[in-house]
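J.: please find the sequence and the predicted model below.
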Amino acid sequence: MRSARHILAGLLTAFALGSAGAAETPKTGGTLVIGSTQVPRHLNGAVQSGIATALPSAQLFASPLRFDADWKPQPYLAESWELSPDARTLTLHLRKDALFHDGKPVTSEDVAFSVMAVKQN
């Protein structure tokens with residue numbers, strides 16, 4: 001009996017191979033629907049780990065930095081940063097235009113709360 005993971009992998013492979021020859025111009029926007037057999041008990045990756053939580057959590061929470069293909073940090077929520085000479089203190093300079101979904105600005109206190117939630121869990 002094949003597992004759901006094997007079936008999903010086969011469907012994704014078939015889709016990729018079937019659309020690989022298409023000379024269609026890439027389009028931006030639209031909706032991506034992801035099916036899963038797992039049900040997240042929480043949407044906050046700081047509180048619970050696992051793929052069921054990671055997929056939605058990555059879409060809901062912004063990281064201060066992103067990393068490129070070579071794992072070099074890139075600006076995201078933080079537009080710049082400095083590491084102290086002893087490498088014990090990291091100072092992040094947040095973007096001034098960073099907002100929550102309700103339009104309220106993201107503050108350093110908000111980022112500190114998130115970092116401490118990850119540390120505690």
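T.: It's in. Numbering: from 1, shown residues only.
J.: low-confidence regions, the protein specifically.
T.: Applying pLDDT under 70 to the chain flags the ranges 1-23.
J.: spell out for me which residue occupies the centre of it.
T.: Nearest to the geometric centre of the chain sits residue 58, at 2.9 Å (Cα atoms, centre = their mean).
J.: how about the strands in this protein?
T.: With DSSP state E applied, the chain shows strands at 65-67, 73-75, 78-83, 90-94, listed in chain order.
J.: for the longest one, which positions count as buried?
T.: The reference is to strand 78-83. Residues of strand 78-83 classed as buried by neighbour count (16 or more other Cβ atoms under 10 Å): residue 78. Bear in mind the C-beta positions are built from the backbone N, C-alpha and C, glycine included.
J.: and it, which strands flank it?
T.: strand 90-94 (antiparallel) (DSSP bridges).
J.: please apply the same query to the first one.
T.: Pairing partners of strand 65-67, with direction, according to DSSP bridges: strand 73-75 (antiparallel).
J.: residue 63 and residue 101, how far apart?
T.: Going from residue 63 to residue 101 by Cβ to Cβ, to the nearest Å gives 16 Å.
J.: so between those two, which is more surrounded?
T.: residue 63 (12 against 6; other Cβ atoms under 10 Å).
J.: with adjacent residues omitted, what lies nearest to that one?
T.: residue 76 (5.8 Å; Cβ to Cβ, 6 or more residues apart in numbering).
J.: next one: residue 73
T.: Nearest non-adjacent residue to residue 73 (Cβ to Cβ, 6+ apart): residue 65, at 4.4 Å.
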